[in-house]
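# Structure, please.
(one chain, ligands or ions: 1)
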Amino acid sequence: MIKHLRTGLMTASILALSTGAAFADYELNILHINDFHSRIESINKFDSTCTAEEEGKNECFGGAARLKVAIDQKRQELTGKNVLLLNAGDNFQGSLFFTTYKGAAEAEFLNLMKFDAMTIGNHEFDEGEDGLATFLDKVTFPVISSNVLAGYKSKLIDRIKPSLVLDVGGQKIGIVGAVTNDTAEISSPGDNVLIGIDVDTITTAVQDLKKQGIDKIVALTHVGYPRDLAVIAKIPDVDVVVGGHSHSLLSNTAEKAEGPYPTMVDNPGGYKVPVVQAGSYSKYLGDLVVTFDDSGVVKSAKGDPILIDSKIKPDQAVLARIKELAKPIEELKTKIIGKTDAPIDGSRESCRARECQMGDLVTDAMLDRVKGQGVTIAITNGGGLRASIDAGDVSMGEVITVLPFQNTLSTFQIKGADIVAALENGVSQIEEGGGRFPQVAGLKFAFDRSKPVGSRISNVEVKEGEAFVALDPAKAYNVVSNNYMRNGGDGYSIFKTKAENAYDYGPGLETVLADYLAAHNPYRPMTDGRITEIAAATEIKPSAQASTDTTAQTATPDVKPAEQTKTETATPEAKPAAEAAAGAETKHVIAKGDTLWGLAKAIYGNGELWKTIAAANGNPVPEKLEIGKELQIPAK
Ligand SMILES: [Zn+2]
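Residues are numbered from 1 along each chain as shown. From the prediction side, this is the model:
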């Protein structure tokens, strides 16, 4: 039956050649991924490496072994049809496979998938032009970019073409690449490589293709979904945009989708351009079908990304090879990256309640990494610091134990007033030991836990030059945080709603810390009083558990009896005292953009549980949540 169908199709295309217009529509299947970010191994729902246990429970997504099978299956399904497999960049950075093999592991597995073309992402320059040159030596598919302009001294000279032309089923398809314009600021292309302006270089490359008679043109970009919509899809004669960089999941069914798949954009040429992107981290395979008319104009486009979940069984040969490559990674974990003169305190008790040594170290490292970009303030959540480091040699394994989440640096601009609001969120759950407690650099502040949630912060100062000056609520500051908080994690929804020019995919926090320790060797742990707890002497009872951190004399990890009583009397549904004291129930101050669904999703990992929060707070009207009001968050 299938064979007969295929014969039928072939007859149709032969007819098309002989009789012209009536059969001249051309259908092109575009499979695509972007922002693979070294997810050689499968990922869990938090986008970090899946454990064997999670794999056993069928809770893992993606990874090279699964992605290869998904691509092979789809290709099988499309046998006899016109198919392109495209890669929209940022294959580098994100796991220890990259840290160890510097792109060679990514090249090996991407080769197995047989991409037809790849565009360069900003992270492809994370090891300088040398790292990219080595990757180009290894890959067996073409890598293009119109705005990566290699100078005569560069190892990349003459190796990266702006575009390429592929013959797919007897039709010529032009593919033009481009990387984000700010690559020089957020990665390390070096002095020999100039990054041109994407829109200019794509326009030139498209005109060149048109002169060669190519009328079907795909822009394969790594500039982000907003820019693909606003600029790239409007370039004359661009027919399709396959993008990356913003990790945007476009979908017609997924709840978290940023837009429809494809998103259709009006081109000034009077036709519509489909724009697609497929999430990130090998969790999705983009699957687009485009129909062109006989003059190369898109008549229709449809599709949806394929979720690469545990239903897709991983390729066994690839798994075996991953296992082999993973062996030296265990060795890497034993690699000594530096030394510390004394233990670095990163305990929960310290880092979720007051300025802690690990908090100062990690935020200093974060700030140091991006100060060249004009960033002056670093904020990270105390709960993201998972361990202390003992005195003496520091291994990479210890650093990963402190920062195990594969979170990335996130930079953005935000107003002073919003920074204060973020700090208020940070100290809003101090009684419960909430992980949101803010560890900071380039910033000083004081807090008073005896005050109501939302008005505990005072004396906020920012570093300008060498001096600390009062924070200006109206001024926009350049801030570095982590991608988890920037997307509203730990109650920092203000970073999600108010941040401007955000870039969430900088280097991994663990890499940043390791590099900083190597550059400041030996490291001397300290706290310098950047966070002060204002103690209302009569209200704060002395700490029962003696703190080892002598600099935080005023801090107390204990819950004040008065506050706890207040909580219980305020809510008739409150849990029994013992459970509440154990931190089972928490509070959340409503910020702009909060929804009950979103809160339930962030807190319980399941949006469906929004009714639990609603019920605990007298069932407020979901669309009319009062900003600044406190919600009781019951235990799951
Ligand atoms: Zn990128």
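# Neighbours of residue 34, how many?
Neighbour count of residue 34, defined by other C-beta atoms under 10 Å: 32. Yep, even glycine has a C-beta here, placed from its N, CA and C like the rest.
# Do I have it right that residue 33 meets residue 89?
No: counting by C-beta atoms under 8 Å, residue 33 stays clear of residue 89, with 9.7 Å between them.
# Quick check, the residue in the protein closest to the ion?
The chain approaches the ion most closely through residue 245 (3.8 Å), counting by C-beta to the ion.
# In contact with the closest residue in space to that residue that isn't next to it in sequence, which residues?
Here the nearest residue to residue 245 in space, its sequence neighbours aside, is residue 224; by C-beta to C-beta, 6 or more residues apart in numbering that works out to 4.3 Å. Going by C-beta atoms under 8 Å, 6 or more residues apart in numbering, residue 224 touches 180, 243, 244, 245, 246, 248.
# still on that earlier bit, which of residue 33 and residue 89 has more residues huddled nearby?
Ranked by neighbour count (other C-beta under 10 Å), residue 33 and residue 89 place residue 33 first, with 33 against 30.
# How confident was the prediction at that one?
For residue 33, the pLDDT comes out at 98.
# ranges for the helices of the stretch 301-450 of the chain?
316-334, 348-351, 357-370, 396-402, 416-426 (DSSP state H, counting those that start in this stretch).
# thinking again about what came up before, I'd say the residue of the chain closest to the ion and residue 119 touch.
No: Residue 245 lies out of contact with residue 119 (C-beta under 8 Å); the separation is 10.0 Å.
# Who has more neighbours out of these two?
A direct count of neighbours by other C-beta under 10 Å for residue 245 and residue 119 places residue 119 higher, at 32 against 28.
# Pretty sure that one sits against residue 177.
Yes: at 3.4 Å, residue 119 and residue 177 qualify as touching, with contact defined as C-beta under 8 Å.
# anything in contact with each of those two?
143, 144, 145, 220, 221, 222.
# so the fifth one makes contact with residue 243?
Yes: contact criterion C-beta under 8 Å: residue 221 and residue 243 qualify, at 4.9 Å.
# Can you work out which residues contact both of those two?
88, 228, 232.
# so which of those comes closest to residue 206?
Of all the shared contacts of residue 221 and residue 243, residue 232 has the smallest distance to residue 206: 10.6 Å, by C-beta to C-beta.
# Phi, psi for that closest one please.
phi -60, psi -40 (degrees, to the nearest 10).
# Likewise for the one 3 residues further on?
Residue 235 has phi and psi values of phi -70, psi 130 when expressed as degrees, to the nearest 10.
# again with residue 341
Dihedral angles for residue 341 - degrees, to the nearest 10 - are phi -70, psi -30.
# Could I get the pLDDT score of it?
95.
# Verify the contact between it and residue 522 for me.
Yes: counting by C-beta under 8 Å, residue 522 is a contact partner of residue 341 at 5.3 Å.
# As JSON lines, the helices of the stretch 301-450 of the chain with mean neighbour count, mean pLDDT and distance to residue 192 would be great.
Listed next are the helices of the stretch 301-450 of the chain as JSON lines, based on neighbours: other C-beta atoms under 10 Å; pLDDT from 0 to 100; distance: least, C-beta to C-beta, whole Å:
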{"stretch": "helix 316-334", "mean neighbour count": "14", "mean pLDDT": "93", "distance to residue 192": "29"}
{"stretch": "helix 348-351", "mean neighbour count": "22", "mean pLDDT": "89", "distance to residue 192": "42"}
{"stretch": "helix 357-370", "mean neighbour count": "25", "mean pLDDT": "98", "distance to residue 192": "23"}
{"stretch": "helix 396-402", "mean neighbour count": "21", "mean pLDDT": "90", "distance to residue 192": "30"}
{"stretch": "helix 416-426", "mean neighbour count": "23", "mean pLDDT": "98", "distance to residue 192": "38"}
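# Distance to the ion for these - can I get that in JSON lines?
Output for the helices of the stretch 301-450 of the chain, formatted as JSON lines (distance: least, C-beta to the ion, whole Å):
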{"stretch": "helix 316-334", "distance to the ion": "24"}
{"stretch": "helix 348-351", "distance to the ion": "30"}
{"stretch": "helix 357-370", "distance to the ion": "15"}
{"stretch": "helix 396-402", "distance to the ion": "23"}
{"stretch": "helix 416-426", "distance to the ion": "25"}
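# Out of those, which gets nearest to residue 505?
Closest to residue 505 of these, according to C-beta to C-beta: helix 357-370, at 12.8 Å.
# and the closest one, what other elements does it pack with?
For helix 357-370, the contact count by 3 or more C-beta pairs under 8 Å, 6 or more residues apart in numbering; DSSP states H and E identifies helix 348-351, strand 377-381, strand 409-415, strand 438-441, strand 476-482, helix 509-519 as packing neighbours.
# and residue 351, what is it in contact with?
345, 358, 359, 382, 383, 385, 437, 439.
# burial count for residue 52?
Residue 52 has 8 neighbours, counted by other C-beta under 10 Å.
# for residue 285, same thing?
Using other C-beta under 10 Å, residue 285 has 24 neighbouring residues.
# Partner strands of the host helix or strand of it, with direction?
Element membership of residue 285, judged by DSSP states H and E, is strand 284-292. Within its sheet, strand 284-292 is paired with strand 26-33 (antiparallel), strand 298-303 (antiparallel), strand 306-307 (antiparallel), according to DSSP bridges.
# Show me which residues of the stretch 51-200 of the chain sit near the ion.
Neighbours of the ion within the stretch 51-200 of the chain, by C-beta under 5 Å from the ion: 90, 121, 122.
# Try it again at 8 Å.
Within reach of the ion by C-beta under 8 Å from the ion, the stretch 51-200 of the chain has these residues: 89, 90, 121, 122, 123, 179, 180, 186.
# Scan those residues and report the most crowded one.
Of all these, the most densely surrounded is residue 123 (32 neighbours; neighbours counted as other C-beta under 10 Å).
# Pull the contacting residues for it.
37, 89, 90, 91, 92, 93, 187, 505.
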